[in-house]
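1. Turn this into a structure:
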Amino acid sequence: MQNYAEVARDFLERHATGLTVAVLTGAGVLALRRWLAGGVCRSKVRLDGKTVLITGANTGIGKEAAMDMAQRGARVILACRDITRARIAADEIRLRSGNGNVVVKKLDLASLQSVRDLAKEVQENEDRLDILINNAGIMMCPKWTTEDGFEMQFGVNHLGHFLLTNCLLDLLKKSTPSRVVIVSSLAHEKGHIHFDDINLDKDYKREVSYRQSKLANVLFCRELAARLQGTGVTAYSLHPGVIRTELGRHLFPTLALWKRSIIMPFLMMIKSPWEGAQTTIYCAVDESVANDSGLYYSDCAPKTAAPQALDDAAAKKLWDLSASMVGLA
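-> Predicted structure coming up:
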């Protein structure tokens with residue numbers, strides 16, 4: 001009878017190739033997972049006495065960013081559409097961070113009146129606003145419209161945040177040095193601003209709409225930075241990465257079963273919400289970018305945005321159009 005050592009040796013000899021492939025495959029998967037995780041914000045800066053407002057902070061990367069800001073000692077305002085979920089998130093953030101100064105305010109970015117109401121409340125009740133994080137978004141939804149009749153993705157992802165930021169600029173300027181952080185996406189690289197049909201009424205495609213809204217984020221950041229030169233308010237846009245969040249809730253259920261079967265194994269490879277929040281946090285607090293403005297970031301480092309996102313004339317044209325659409329012109 002063979003002893004255990006001999007059995008083990010025989011097994012290894014018979015299955016050497018398969019075991020080698022398995023080990024190499026596992027190592028490759030681990031290396032790929034680490035690469036996909038991206039950069040991490042290493043800043044230890046404290047935010048005691050400072051106020052941060054984050055849109056869509058009840059879930060995903062917004063919630064992780066809120067947790068980080070609370071752990072740094074900031075007063076954190078969760079500006080959310082779903083108040084019930086926001087209150088649950090706020091309770092968790094208070095408990096985990098040990099910071100009781102976490103508040104919830106109502107914000108529906110699909111309603112310009114809701115945006116104005118929140119901005120008015122913040123202006124009247126907050127002494128300062130040091131960091132505004134425009135995080136909330138909607139992705140790949142059907143042809144829906146906002147309360148004001150705008151195409152939903154452009155209305156929520158860009159116009160709502162455009163109005164909110166402009167309404168809060170005086171408070172941001174009062175609180176300098178302050179920052180505006182705009183969560184965009186790599187999708188902007190395939191985006192185009194349809195100035196002649198901004199609501200895509202002629203030919204709506206959800207992916208075209210999403211890309212347009214994300215390009216609008218980067219162009220907004222660029223023009224905002226130009227207009228804020230010398231004020232002490234800086235602006236940053238970013239790609240957070242491909243993340244396991246609720247953002248894809250309108251896309252995934254519409255995919256064919258075979259496509260979902262292919263995608264599912266890869267979902268565990270993509271970023272967690274904590275990993276996805278790192279570039280947002282980096283742009284909000286890292287000391288190394290304090291004097292930078294108008295740049296685009298990914299994995300906690302500056303990246304070159306797509307050529308159409310570097311078009312100053314388009315950025316100004318979009319600003320003027322957006323101002324007219326939201327009633328600021």
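
2. Going along the chain, name the strands of the protein.
-> Assigned strands in the chain, in chain order: 51-55, 75-80, 102-106, 131-134, 178-183, 233-239, 295-298, 301-303 (criterion: DSSP state E).

3. what is the mean pLDDT for the third one?
-> When pLDDT is averaged over strand 102-106, the result is 98.

4. Neighbouring strands of that strand in the sheet, and parallel or not?
-> strand 75-80 (parallel) (DSSP bridges).

5. Please tell me I have it right and Ala216 contacts His194.
-> No: if you go by C-beta atoms under 8 Å, Ala216 and His194 don't touch, sitting 10.5 Å apart. Just so you know, the C-beta spots here come from the backbone N, C-alpha and C atoms, and that holds for glycine as well.

6. before we move on, the earlier item: can I get the strands of the chain in CSV including distance to Leu172 and mean neighbour count?
-> Below are the strands of the chain laid out as CSV (distance: least, C-beta to C-beta, whole Å; neighbours: other C-beta atoms under 10 Å):
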stretch, distance to Leu172, mean neighbour count
strand 51-55, 10, 27
strand 75-80, 13, 28
strand 102-106, 16, 19
strand 131-134, 6, 28
strand 178-183, 5, 26
strand 233-239, 5, 26
strand 295-298, 18, 22
strand 301-303, 22, 13
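
7. Just put the ones you listed in TSV and tack on distance to Thr280.
-> Listed next are the strands of the chain as TSV, based on distance: least, C-beta to C-beta, whole Å:
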stretch	distance to Thr280
strand 51-55	9
strand 75-80	13
strand 102-106	17
strand 131-134	6
strand 178-183	6
strand 233-239	6
strand 295-298	9
strand 301-303	13
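
8. pLDDT below threshold where in the chain?
-> 1-14, 17-37, 243-269 (pLDDT under 70).

9. Spatially central residue in it, please.
-> Nearest to the mean C-alpha position of the chain, by C-alpha atoms, centre = their mean, lies Val183 at 3.6 Å.

10. ok, and the closest non-adjacent residue to it?
-> Nearest residue to Val183, sequence neighbours excluded (C-beta to C-beta, 6 or more residues apart in numbering): Asn135, at 4.8 Å.

11. now Asp117
-> Nearest to Asp117 is Lys106, by C-beta to C-beta, 6+ apart, at 7.6 Å.

12. how close does the one you found get to Val76?
-> Distance of Lys106 to Val76, computed by C-beta to C-beta, to the nearest Å: 16 Å.

13. which non-adjacent residue is nearest Val326?
-> Leu163 is the one closest to Val326 (C-beta to C-beta, 6+ apart), at 4.4 Å.

14. Would you confirm that the one you found contacts Leu328?
-> Yes: counting by C-beta under 8 Å, Leu163 does reach Leu328; the two are 7.0 Å apart.

15. which one of these two has more residues nearby?
-> Set Leu163 next to Leu328 and count neighbours by other C-beta atoms under 10 Å: Leu163 wins out with 21 against 13.

16. Compute the distance between Leu171 and Glu126, please.
-> 7 Å.

17. ditto for Gly38
-> Distance from Gly38 to Glu126, by C-beta to C-beta: 32 Å.

18. And for Ala65?
-> If you go by C-beta to C-beta, the gap between Ala65 and Glu126 works out to 18 Å.

19. now do Phe195
-> 36 Å.

20. And the two? Which one has more around it.
-> Glu126 (17 against 10).
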